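S.K.: how does the following fold in three dimensions:
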Amino acid sequence: MNTSPRTRTVVSCTLLVIALGAGVTACGSGGNPLTSKPYDASDQISFNGPSGDGKKADPDKPLEVTARDDDGRITDVTAVDATGRYVTGELSADGTRWHSTSPLAANAHYTLRVSTEDGDGAPGRKVLAFDTSRPATKKRLTVAFGPDSGTYGVGQPITAKLSRPVADKAQRAVVERALRVDSVPAVQGAWHWVDDKELHYRPKDYWPAHATVSVRSDLDGVKIGDRLWGDKSKPLRLTIGDRVIAVTDAAAHSLTFYKNDQEVREIPVTTGKPGFDTRNGVKVVLEKQQYVRMRGTTVGIAEGSADSYDLPVYYATRVTWSGEYVHAAPWSVGSQGYANVSHGCTGMSTDNAEWFFDHVRQGDVVKVVNSQGDTMEPFGNGFGDWNMAWASWRKGSALVAGTPDGPSPAERARLRPENV
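M.R.: Numbers count the residues shown, from 1 in each chain. So this is what the prediction gives:
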């Protein structure tokens, strides 16, 4: 015979009367039912998932838990798969219904924990386990994170390139919610959709020096849209080096090198002359090349014209894909510190260029101020991400306020099975 939660409470009091000889004191109106062991809430709730008969849940359908007892209500529901991924959900104000609001993963094992209370406030608990079926489709989406794992400067953005385009905002939210970036120390950051197949992640400010950054995708087995499911992706781990920022003042014809907010060296330079002005704004070191052959024809200068050039260039630190470098320019030493005579690059003596080359790494920041040129574009020519204001950057996220839904890290820790 099924026993209601309230009847169980009475039976427990009767047992205490027999055992203690003073049951009225132990279980009378002065007792606190909330301190008792939770009763089995099986009779108090209904669940729309499989009933333990070997069947598997359809990952295309949301979970739903309802209260069957008019005198009781649901107080909390958590659903988590074997890898630790939580399912977000909503509980009605009257506690009669909970339903999931994020998709289930396919071919996954879930544990569902339901907390209830009866009309007297006594707590109930039911733990359910179920599996989801495999997706019927083979259309998968993978994520390739960049850059490669390694050590980078404080300006290095994280990139996520998708194997398939995702244009729908709701589907973008599913994808973005599953892309996790964790740093030590923690930072405020957000993803920004560059286009249908690429996202960039950056903090509000530069990464802290010597931080560690871990990036992963939780999309494996998650339904993104009609006939489109997430697949496994390789995680990424970065180490951030010293805070290196080089500031070039085009009007003062100088580059000041800062390391961990301390000025280390000031170098006389020449930047772009009129018509070839160096871009203003923040750029990020893309690569370093010991030797580059630079030709005017690669940037649209006609061969044989007054501005034509074909030169061997050493200690070249690239900051745009269109050909802007910080490099050795021994032919312009007489103008360095006094005039801007280059075709857009920042030129310096060979000794200074070698020193600069040896003291920067990929991801370090190179900022140009007081040039007559345009501002570095945010995307498409390197990493100009930092030239976009934070408020505008967040608007490029498919999620509210640019932050993932679901439990916070502290809440996820609290909800782990061993802590419940």
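S.K.: residue ranges with poor pLDDT in the stretch 151-300 of the chain?
M.R.: 296-299 (pLDDT under 70).
S.K.: for it, which segments are assigned as helices?
M.R.: 169-177 (DSSP state H, counting those that start in this stretch).
S.K.: can you give me the strands in it?
M.R.: Secondary structure of the stretch 151-300 of the chain by DSSP state E, counting those that start in this stretch: the strands cover 158-162, 179-184, 189-195, 198-203, 212-217, 223-225, 228-230, 236-240, 244-249, 254-259, 262-268, 281-284, 287-295.
S.K.: list the neighbouring strands of the first one plus their orientation.
M.R.: Pointing back at strand 158-162 there. strand 143-146 (antiparallel), strand 198-203 (antiparallel) (DSSP bridges).
S.K.: contacts for the first one, please.
M.R.: Contact partners of strand 143-146, identified using Cβ atoms under 8 Å, 6 or more residues apart in numbering, comprise 158-163, 175, 179, 215, 217, 219, 233-236. For glycine as for every other residue, the C-beta is placed from the backbone atoms N, C-alpha and C.
S.K.: re the thing from before, buried deepest among the strands paired with strand 158-162, which one?
M.R.: strand 198-203 (a mean of 21; mean count of other Cβ atoms under 10 Å).
S.K.: how far off centre is it?
M.R.: When distances are taken as Cα atoms, centre = their mean, to the nearest Å, strand 198-203 is centred 8 Å away from the chain's centroid.
S.K.: quick one: terminal-to-terminal distance for stretch 117-125?
M.R.: Length of stretch 117-125, first residue to last, Cα to Cα, to the nearest Å: 9 Å.
S.K.: wait, stretch 129-142
M.R.: Its start and end residues considered, stretch 129-142 measures 28 Å (Cα to Cα).
S.K.: buried residues in that stretch?
M.R.: Under the neighbour-count criterion of 16 or more other Cβ atoms under 10 Å, stretch 129-142 has Phe130, Asp131, Thr132, Ser133, Pro135, Arg140, Leu141, Thr142 buried.
S.K.: for it, which outside residues touch it?
M.R.: With contacts defined as Cβ under 8 Å, 6+ apart, stretch 129-142 is touched by 49-50, 52, 56-59, 104-112, 162-164, 166, 175, 219, 221, 223-224, 227-233.
S.K.: list buried residues within those residues.
M.R.: The neighbour-count criterion (16+ other Cβ under 10 Å) marks 49-50, 56-57, 59, 104-106, 108, 110, 112, 162, 166, 175, 219, 221, 223-224, 228-231, 233 among those as buried.
S.K.: quick revisit: of the strands paired with strand 158-162, which is nearest Val292?
M.R.: Closest to Val292 of the strands paired with strand 158-162 is strand 143-146 (Cβ to Cβ; 22.7 Å).
S.K.: can I get the closest one in CSV, CA atoms only?
M.R.: In CSV, the C-alpha atoms belonging to strand 143-146 read as follows (Å, rounded to 0.1, in the frame of the first residue of the first chain):
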residue,chain,number,x,y,z
VAL,A,143,34.4,23.9,-33.2
ALA,A,144,38.1,24.6,-33.9
PHE,A,145,39.6,26.9,-31.2
GLY,A,146,42.5,29.2,-31.8
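S.K.: His327 reaches Val319, doesn't it?
M.R.: No - under the criterion of Cβ atoms under 8 Å, His327 is not in contact with Val319, lying 10.3 Å apart.
S.K.: more neighbours: the two, which one.
M.R.: Val319 (30 against 24; other Cβ atoms under 10 Å).
S.K.: now the more buried one, nearest residue through space, not along the chain?
M.R.: Among residues not flanking Val319 along the chain, Lys283 sits closest, at 4.0 Å (Cβ to Cβ, 6 or more residues apart in numbering).
S.K.: quick check, Trp386 in a helix?
M.R.: Yes - according to DSSP: H, G, I helix; E, B strand; the rest coil, Trp386 belongs to a helix.
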